[in-house]
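Q: Here is my input, please return the structure:
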Amino acid sequence: MANAGSRHLFLSPHLDDVPFSCAGLIKKLTSAGDDVVISTFITGDATGTLTPLASRFHRVWNRGDRPYAIRREEDKCVAHLLGARYRHEGVLDAIYRKDQNGGPIYHDIPELFAGLKPEDQANVEAIARKLDQILAEEKPDFAYAPIGIGRHADHLSLVKAAQEVCLGHIPLRLYEEFPYLLGEFPAEQPISVELGLELSGWKCPTPEFIDVDLTARIEAARLYPSQIPEIFGSDAALVNAMRRHAERYEAHSGRERLWTPTATH
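A: I've put the predicted structure just below:
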C-alpha cells in the first residue's frame, strides 16, 4: 500500500469495470485521505447507424437510444459513494466501432471476447495518446490497469495502451476484472486469472492481497442497475458472486488482489 496522501489513477475500460473490481480498495484509499481518480475510456455515445451487435446490446440494456448517457450518470453516483473523482474519456465501445469500409469490426459476442482485431489498432493508438495526456494532467503516484482476463476487445485495447505508456514509467499495478476472475464469465470462453496474465503479456507479475470491506463492493456494484441483468441476472446473483469472490480469497469480509508486473524495457 502507498503512503497516505498519494495520488492513484485507476484505468477502467467500461463504466463499471474498476468499481466492480476495485471498489473496496478505492474506498480504503479515499478513507485514508488519498486522492483517487477513475478514468473510464469507453464512455462515448453511438453516432450514425448502429451495428447489429450494438442493436442487440441496446435491446438488452433497455435504456433507450443513448444508454451511455445513463451509464455515465450511474458512474458519477459510484464515484461519489467511493469518495473518488471520475473522468469520462469519450472512446466508443467496441460494439459501435466500424472499419474503414463502414462495417462492424466485431460482429457478435464471441468475436467481442476473442481478442483484438487488426482493424481495431487505431483505437489502441488513440487510447495510448489519451493515456499519455491523462498522466500529464493527473500526475499520479500509482496507476492501476486491467489484466485483460475476459479477453474483451475494449479491455485489451487499454491493456496494450497501459503497457506502452505506463509500464516502466510509473508504478503500475494490475487489478483482476470482476466477474471475469471467477472463471465463469464470459460464458463463451472463461479463463483463469493466471492465463489472463499470460495471454496479455504481463511479465513476472507479483501478487498482493488487500483486505477490504465487502459491503462497499456490493453497494458500488448495485449502483449500475443497467448492467446487473446482463452480467449477473439479478441482484441476488450479484451478491452471491461477490461473496464467492471473498470466499475464494478466504476473506472474512472482502479481499482484492493486485499484481505488480515487471517492465521489460
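Q: Where does pLDDT dip in the protein?
A: For the chain, applying pLDDT under 70 flags the ranges 1-4, 264-265.
Q: Okay, helices next: where are they in the stretch 151-265 of the chain?
A: 153-165, 193-200, 214-222, 228-231, 235-248 (DSSP state H, counting those that start in this stretch).
Q: Out of these, which is closest to H88?
A: Set against H88 and scored by Cβ to Cβ, the helices of the stretch 151-265 of the chain come closest in helix 153-165, at 14.2 Å. C-betas here are computed from N, CA, C, even on glycine.
Q: quick one: contacts of that closest one?
A: For helix 153-165, contacts defined as Cβ atoms under 8 Å, 6 or more residues apart in numbering pick out 11, 13-14, 17, 41-42, 93-94, 105-106, 112-113, 115-117, 120, 123-124, 127-128, 130-132, 135, 143, 145-149, 172, 177, 200-202.
Q: just how off-centre is it within its chain?
A: 11 Å (Cα atoms, centre = their mean, to the nearest Å).
Q: Need the three-state assignment for A23.
A: Look at A23: counting by DSSP: H, G, I helix; E, B strand; the rest coil, its state is helix.
Q: contacting residues for it?
A: Going by Cβ under 8 Å, 6+ apart, A23 touches V78, L82, V212, A216, R217, E219, A220, A221.
Q: ok, 7 Å please
A: Residues near A23 by Cβ atoms under 7 Å, 6 or more residues apart in numbering: L82, A216, R217, A220.
Q: got it, and D99?
A: Taking Cβ under 7 Å, 6+ apart, we find D99 in contact with I105, E119.
Q: where's it relative to N123, distance?
A: 11 Å (Cβ to Cβ, to the nearest Å).
Q: now P110
A: 19 Å.
Q: which of those two has more neighbours?
A: N123 (24 against 12; other Cβ atoms under 10 Å).
Q: I'd say that one and R97 touch.
A: Yes - with contacts defined as Cβ atoms under 7 Å, N123 counts as touching R97 at a distance of 6.3 Å.
Q: How about the contacts made by the nearest residue to P67 once chain neighbours are set aside?
A: Nearest non-adjacent residue to P67, counting by Cβ to Cβ, 6 or more residues apart in numbering: W61, 4.7 Å away. Residues near W61 by Cβ under 7 Å, 6+ apart: P67, S226, E230.
Q: if we can go back for a sec, and the contacts of helix 153-165, which are buried?
A: For those, a neighbour count by 16 or more other Cβ atoms under 10 Å gives the buried set as 11, 13-14, 17, 41-42, 93-94, 105-106, 112-113, 116, 120, 123-124, 127-128, 130-131, 135, 143, 145-149, 172, 177, 200, 202.
Q: Mind checking which of the residues you listed land in helices?
A: Residues of the buried ones among the contacts of helix 153-165 located in helices (DSSP state H): D17, L112, N123, V124, I127, A128, K130, L131, L135, S200.
Q: I figured the fifth one hits L92, correct?
A: No - between I127 and L92 there is no contact, the gap being 11.0 Å when judged by Cβ under 7 Å.
Q: which residues are common contacts for the two?
A: Common neighbours of I127 and L92 (Cβ under 7 Å, 6+ apart) do not exist.
Q: which ones are touching Y96?
A: Y96 neighbours (Cβ under 7 Å, 6+ apart): A46, T51, A54.
Q: What about the first one, how many residues nearby?
A: The burial count assigned to A46 is 19, neighbours taken as other Cβ under 10 Å.
Q: quick revisit: most tightly packed of the helices of the stretch 151-265 of the chain?
A: Greatest average neighbour count among these goes to helix 153-165 (a mean of 24), per mean count of other Cβ atoms under 10 Å.
Q: Next, the angle helix 193-200 makes with that helix.
A: Orientation check (axes from the mean of the first three to the mean of the last three Cα atoms, to 10 degrees): helix 153-165 against helix 193-200 gives 60 degrees.
Q: any idea which residue of this structure is furthest from its center?
A: Distance from the C-alpha centroid of the chain, by Cα atoms, centre = their mean, peaks at N101 (29.1 Å).
Q: Need phi/psi at that residue.
A: Per-residue torsions, N101: phi -90, psi 0 (degrees, to the nearest 10).
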